[in-house]
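Asks: Need coordinates for the following:
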Amino acid sequence: MLALSQVRSFVAVVDSGSFTEAAQALAYSVPAVSAHVRGLERRIGATLVERVDGRFEATSAGRRAYEIGRTLLRMHDELVAVTAPACPRRGDGPSRGARRTHDR
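Replies: Predicted structure coming up:
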């Protein structure tokens, strides 16, 4: 399954050119970012990043995946921003098993 964390890590690596900088920006460990990118590459079936002059850059397949990934992340963030006010967070809504008046 495709995970947003994989896409987010991949986009951060391409943006920064570094697994270390991507990990710092995302507050992940470097091994986690590496595993995310490897998992995404396995899922897609293509190498997405390669080392060029000491920095990581998107391959030709990676450039297309990067554009789609950025769009996916933007759309996810927009969806969360639009729906978050209408969705109670854990502890903000009725307790488990309680009936809400609008459920009737």
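
Asks: Check what contacts the longest helix seen in the chain and list those residues.
Replies: Among the segments of the chain that qualify as a helix by DSSP state H, the longest is helix 60-83. Taking contacts as C-beta atoms under 8 Å, 6 or more residues apart in numbering, the residues outside helix 60-83 that touch it are 4, 7-8, 10-11, 14, 40, 44, 46-50, 58. (C-beta placed from N, C-alpha, C; glycine too.)

Asks: Which positions in it come out as buried?
Replies: Of the residues in helix 60-83, 62, 65-66, 69, 72-73 count as buried by neighbour count, 16 or more other C-beta atoms under 10 Å.

Asks: Which two among the contacts of helix 60-83 are spaced furthest apart?
Replies: The largest distance within the contacts of helix 60-83, taken as C-beta to C-beta, falls between 4 and 50 and amounts to 23.3 Å.

Asks: Rebuild the contacts of helix 60-83 as a markdown table, extending it with distance to residue 20.
Replies: Putting the contacts of helix 60-83 into a markdown table (distance: C-beta to C-beta, whole Å) gives the following:
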| residue | distance to residue 20 |
| --- | --- |
| 4 | 21 |
| 7 | 19 |
| 8 | 16 |
| 10 | 15 |
| 11 | 16 |
| 14 | 14 |
| 40 | 18 |
| 44 | 23 |
| 46 | 23 |
| 47 | 20 |
| 48 | 18 |
| 49 | 14 |
| 50 | 17 |
| 58 | 17 |
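
Asks: Just give me the neighbour total for the residue nearest to residue 2 when sequence neighbours are not counted.
Replies: In this structure, residue 2 finds its nearest non-sequential neighbour in residue 43, 5.7 Å apart by C-beta to C-beta, 6 or more residues apart in numbering. Here the number of neighbours of residue 43 (other C-beta atoms under 10 Å) works out to 12.

Asks: Of all the residues in the helix or strand that contains residue 43, which ones are buried?
Replies: For residue 43, the host element (DSSP states H and E) is helix 30-44. Going by neighbour count (16+ other C-beta under 10 Å), the buried part of helix 30-44 is 33-34, 36-37, 39-41, 44.
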